[in-house]
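A.B. asks: One predicted model, sequence on top.
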Amino acid sequence: MADVSVVGGSGYAGGELVRLLLDHPAVAVKQVTSERHAGKFVRSVHPNLRKRTDLKFVSIDKLVPCDVLFVALPHGVAMGRMATLRGLAKTIVDLSADYRLRDPAAYPKWYGAPHGEPERLAEFVYGIPELHRDEIRGADAISSAGCMATTAILGLYPLYRAGVVDTSVPVFIEAKTGSSGSGGAPGLGSHHPERSGVVRSFKPTGHRHSAEIAQELTVDGVAPPVAFSATAIDAVRGILTTSHVTLRDPLTDKEVWAIYRAAYKDEPFMRIVKEAGGIHRYPEPKILSGSNWCDVGFERDPDSKRLVVMAALDNLMKGAAGQAVQAFNIRCGLDETTGLTFPGLHPI
Ligand SMILES: NC(=O)c1ccc[n+]([C@@H]2O[C@H](COP(=O)([O-])OP(=O)(O)OC[C@H]3O[C@@H](n4cnc5c(N)ncnc54)[C@H](OP(=O)(O)O)[C@@H]3O)[C@@H](O)[C@H]2O)c1
C-alpha cells in the first residue's frame, strides 16, 4: 500500500487524480492540497466525491512525507515548489509542463522564460507509458505529458518509429479540445456566453505542445517539422487530433494496419478504431469520457501520399490523471490497468 498525496488537488486534473486514487486498491490518499480552499472538505470542491472521502484540503506548507506525490500545479508554480516537494516523497509524478522538455534552451521560446532549474530536467522521464515504459519503471521523477501532445503523439509515433513518414514535409496536426483542458480558473474565454457553442481557433500557430510533439517524434536525433493548430470546441472533456502526414512511399491499408498493430496490440489502453460501417467509424472523444482509452484510426488519401490519422482521448484521463496513474502503476510494479478499467459510457 502506497501513501500518496495530491498537490493542486482542487483543480480539474488534481480532482481527477483524487477520484482515481481513492478507488485504487494499492493506494491510501493521505493529503490533498489547495491554498484557496485549505480547511474545507475536498468534496466541497469536487461534489462527485461526496460520501467517498472526509479529507480536507491542506496548504502545501502542511504536507508531510509520503511515498508518492502527484503534483497538479500550473507550470511555473510547480517549478518553484519542486525542490521542497522532491524532499517529501521518493517518487514524484508531475503533471505540469515544467519538466517535459529535455532541452533547457527550448523553455524561453515556448514558455517565455529560461528554465528555473535546468539541472533538474534530467531527473525526469517523459511520462507517456507507450513510449517510455522501461524508463518509467525505474524513475523517481515522472513528467506527465500535455493533453493535446499525448493525443497527437500516440496517433503518430508508430509511423515515425517505422520510418515511413517523409520528414522533409511538416506533419499538420489540428487539435480540437474541450474547455476543461484549460483548467478550473475562470476567464473570459470560458465564460458561458462566450464559450457555449463555439468552434474557435485559439492557437493556429506557436502552441507550446508543438515542442513536446517534435521531441517525442524525433527518431535518430532528427526532429520532424510539426505544424500544430488548436481549436476550442463546445465540449467539457475530450480531444480529437486530426493529423496529416506525407508518407515516403504509398502504403496499403494492410501495411498501415500492420504498423499500428505492431505498436499497440499489447497496449492495454490503445485501440485501433477503423470500422467499415456504422456511425462510430473513427476515434471520437465523447465516448471516451472518464476512461483511460486512447483511440487511433487512419484513412489513406487514394490520390496522394497523404495519410490522415485521427486520435482521441479524455484530456483529464489519458491526457492527465489517467496517464499519471498508469505511470504510477508501472513505477510500483503493479498491473498497469489497476484503478483505470472504467470503459466509458454509451450513450453519453
Ligand atoms: N486540465 C487538463 O486537461 C490538463 C491536462 C494535462 C496536464 N495538465 C496540467 O496539470 C496542471 C493542473 O492543471 P488543471 O487544469 O488542473 O488546473 P486548475 O484547474 O487551474 O488547478 C490548478 C491547481 O493548482 C493550484 N494552484 C494554482 N496556483 C497556485 C499557487 N500559486 N500555489 C499553490 N497552488 C496553486 C490550485 O489550487 P488553489 O485551490 O489554491 O487555487 C489548483 O489546485 C497544469 O500544469 C496543467 O498544465 C492539465
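C.D. replies: Arrived safely, thanks for sending.
A.B. asks: From here on, just use CA atoms for contacts and neighbour counts.
C.D. replies: Will do.
A.B. asks: Next to the ligand, which bits of the stretch 51-200 of the chain? Give me the list.
C.D. replies: By the rule Cα under 6 Å from any ligand atom, the part of the stretch 51-200 of the chain lying against the ligand is 72-75, 77, 95-97, 146-147, 180-185.
A.B. asks: Pro250 versus the residue of the chain most remote from its centre, what's the distance?
C.D. replies: In the chain, counting by Cα atoms, centre = their mean, Asp303 sits farthest out from the average C-alpha position, at 33.8 Å. Distance of Asp303 to Pro250, computed by Cα to Cα, to the nearest Å: 10 Å.
A.B. asks: Between the residues of the stretch 51-200 of the chain next to the ligand, identify the one with the most neighbours.
C.D. replies: Leu95 (29 neighbours; other Cα atoms under 10 Å).
A.B. asks: Spatially nearest residue to that residue, not counting backbone neighbours?
C.D. replies: Ser144 (4.8 Å; Cα to Cα, 6 or more residues apart in numbering).
A.B. asks: The one you found touches Tyr126, doesn't it?
C.D. replies: Yes. With contacts defined as Cα atoms under 8 Å, Ser144 counts as touching Tyr126 at a distance of 6.2 Å.
A.B. asks: who has more neighbours, the two?
C.D. replies: Ser144 (31 against 24).
A.B. asks: Spit out the contact partners of that one.
C.D. replies: For Ser144, the contact set (Cα atoms under 8 Å, 6 or more residues apart in numbering) comprises 93-97, 100, 126-128, 320, 323-324.
A.B. asks: likewise Ala230?
C.D. replies: Contacts of Ala230 by Cα under 8 Å, 6+ apart are 174-177, 201-205, 207.
A.B. asks: hang on, it in a strand?
C.D. replies: Yes. Under DSSP: H, G, I helix; E, B strand; the rest coil, Ala230 falls within a strand.
A.B. asks: so what's it bridging to?
C.D. replies: Ala175, Lys203 (DSSP bridges).
A.B. asks: For it, give its distance to Ser210.
C.D. replies: Counting by Cα to Cα, the gap from Ala230 to Ser210 is 10 Å.
A.B. asks: List the buried residues of stretch 235-251.
C.D. replies: 235, 237-247, 250-251 (16 or more other Cα atoms under 10 Å).
A.B. asks: Report the rounded mean pLDDT for stretch 111-120.
C.D. replies: Throughout stretch 111-120, pLDDT has a mean value of 95.
A.B. asks: and the end-to-end length of it?
C.D. replies: For stretch 111-120, the end-to-end distance is 17 Å (Cα to Cα).
A.B. asks: now for the longest helix seen in the chain, which elements pack on it?
C.D. replies: Counting by DSSP state H, the longest helix found in the chain is helix 147-161. Applying 3 or more Cα pairs under 8 Å, 6 or more residues apart in numbering; DSSP states H and E, one finds that helix 147-161 contacts strand 171-177, helix 209-216, strand 239-246, helix 253-264, strand 294-300, strand 306-313.
A.B. asks: right, and the helix or strand after the last one?
C.D. replies: Sequence-wise, the next helix or strand beyond strand 306-313 is helix 322-331, with elements assigned using DSSP states H and E.
A.B. asks: any idea which element Thr205 lies in?
C.D. replies: Going by DSSP H and E, Thr205 is not in any helix or strand.
A.B. asks: mind listing what the residue lying closest to it once chain neighbours are set aside touches?
C.D. replies: Excluding its sequence neighbours, the residue lying closest to Thr205 (Cα to Cα, 6+ apart) is Ser229, at 5.6 Å. Ser229 makes contact with 173-175, 201, 203-207, according to Cα under 8 Å, 6+ apart.
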